[in-house]
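> Attaching a predicted model along with its sequence, questions to come.
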Amino acid sequence: MTTLESIQELKTRMSASIIGQDQLIDRIILVLLADGNMLLEGLPGLAKTRAIKSLSKELNCGLSRIQFTPDLLPSDITGTEIYQPELEEKFVFQQGPIFSNLILADEINRAPAKVQSALLEAMEERQVSVAGQTYPMDPLFMVMATQNPVEQEGTYPLPEAQMDRFLMHVIISYPDDASELKILRLNRQEQTASKKEQKERISPEVVFAARKEIAEVTISESMEKYIVDIISATRYPDKYKEELNNWIDFGASPRGSIALDRASRTHAWMSGSKAVTPDDVRAVVHDCLRHRVSLSYEANADGITTDQVLDEVLKQVAVVG
């Protein structure tokens, strides 16, 4: 079985327990292969938690769930030093839940900024510093943070610096009626079915092998220019269209360019291609940039969404070459 076939098998297994959220499954696997982190936004009960649990169930790796609450402390995430007088070294570092492979940061916007920032170093630098010591994370590491778009009382909006560290900001919605029917039947089946022997879990080495192959996916100079032009259109919208200029306050940072490059190459590989096409770039633009573009007061007043702005950006930016 090739590496791509193994990843497709992983997707098939996850799809068996997550009905009507194919985009969510695609994005979780894409972010994992691209070695990034994901911010997932959706209403309660749309299989956000179930999705990452399904990934850890099928992939031979660890999972930590951190339920963010207003009284959470940074040390509850990173860990802390414990005093043990019977040992030669009196203080021993006890690792927190961040030291795992897959991290579910559930309702991240319910914790204050100091706690949210405890994730920053782990997400960006893949390490945690406590009491002057640095502890590296596992090579297989991904944070999937969730936030609820409703019930905003008592929540703390994520700062722009932290939002920028997510490779993708994925928004999921309700499943269709046919999928809802399948969900009902699956739930009844899971309640009554006897415990079956689980298939052999997929090795994490498959992920590392996929990352090596993704690194070999070629991206032409014209595709690089296309990515740069898209980012430029969010920064200097007045060069493209007056409406865009009225809608955008701040454009995407260089992390936006890097995210588009990594995500489009991963998307191309998952599609069985060895080179990035404009369709690969367009397929990931919204998820890579919707949290990196700041809209103006005028856009918000007119009910213009970030996705609508990005749709217009794609219409204005042409592929050259």
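Nice, I can see it. Numbering: from 1, shown residues only.

> Which residue, other than its chain neighbours, is closest to residue 124?
Setting aside the residues directly before and after it, residue 124 is nearest to residue 165 in space (CB to CB, 6 or more residues apart in numbering), at 5.3 Å. Quick note: C-beta positions are derived from backbone N, CA and C, even for glycine.

> what residues are up against that neighbour?
Applying CB atoms under 8 Å, 6 or more residues apart in numbering, we find residue 165 in contact with 37, 120, 123-124, 255.

> From those residues, keep the buried residues only.
37, 123, 255 (16 or more other CB atoms under 10 Å).

> can I get those in TSV with pLDDT, secondary structure and distance to residue 20?
Listed next are the buried ones among the contacts of residue 165 as TSV, based on pLDDT from 0 to 100; DSSP: H, G, I helix; E, B strand; the rest coil; distance: CB to CB, whole Å:
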residue	pLDDT	secondary structure	distance to residue 20
37	94	coil	24
123	85	helix	29
255	93	helix	31
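
> Can you add distance to residue 62 and give these back as a markdown table?
Formatted as a markdown table, these follow (distance: CB to CB, whole Å):
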| residue | distance to residue 62 |
| --- | --- |
| 37 | 16 |
| 123 | 17 |
| 255 | 27 |
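
> Scan the helices and strands of the chain for the one with the lowest mean pLDDT.
Of all helical and strand segments in the chain, the minimum by mean pLDDT, DSSP states H and E falls on helix 160-163, at a mean of 77.

> Can you list the strands that the helix or strand just after it pairs with?
Counting by DSSP states H and E, the next helix or strand C-terminal to helix 160-163 is strand 168-171. Strand 168-171 has the following strand partners under DSSP bridges: strand 38-41 (parallel).

> chain center to the strand it pairs with, what's the gap?
Relative to the centre of its chain, strand 38-41 is centred 5 Å away, using CA atoms, centre = their mean, to the nearest Å.

> again with stretch 139-156
With CA atoms, centre = their mean as the basis, stretch 139-156 stands 11 Å off its chain's centre.

> Between the two ends of it, how far is it?
Using CA to CA, to the nearest Å, the end-to-end distance of stretch 139-156 comes to 30 Å.

> Which positions in it come out as buried?
Using 16+ other CB under 10 Å as the burial criterion, the residues of stretch 139-156 that qualify are 140-148, 155-156.

> CSV for these, including distance to residue 98, secondary structure and pLDDT?
CSV is the format used below for the buried residues of stretch 139-156 (distance: CB to CB, whole Å; DSSP: H, G, I helix; E, B strand; the rest coil; pLDDT from 0 to 100):
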residue, distance to residue 98, secondary structure, pLDDT
140, 14, coil, 93
141, 9, coil, 94
142, 12, strand, 94
143, 8, strand, 93
144, 13, strand, 93
145, 12, strand, 90
146, 16, strand, 89
147, 18, strand, 85
148, 22, coil, 78
155, 21, coil, 71
156, 19, coil, 74
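
> Mind putting those into CSV with distance to residue 25?
Formatted as CSV, the buried residues of stretch 139-156 follow (distance: CB to CB, whole Å):
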residue, distance to residue 25
140, 18
141, 20
142, 14
143, 18
144, 12
145, 17
146, 15
147, 19
148, 20
155, 27
156, 29
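
> Select, from the residues you listed, the two members most distant in space.
Maximum pairwise distance in those, criterion CB to CB, is 30.4 Å, between 140 and 155.

> Which parts of this structure are helices?
Ranges of helices within the chain are 3-17, 22-33, 48-58, 75-78, 113-125, 160-163, 177-192, 205-215, 221-235, 242-247, 254-270, 278-289, 297-301, 306-316, based on DSSP state H.
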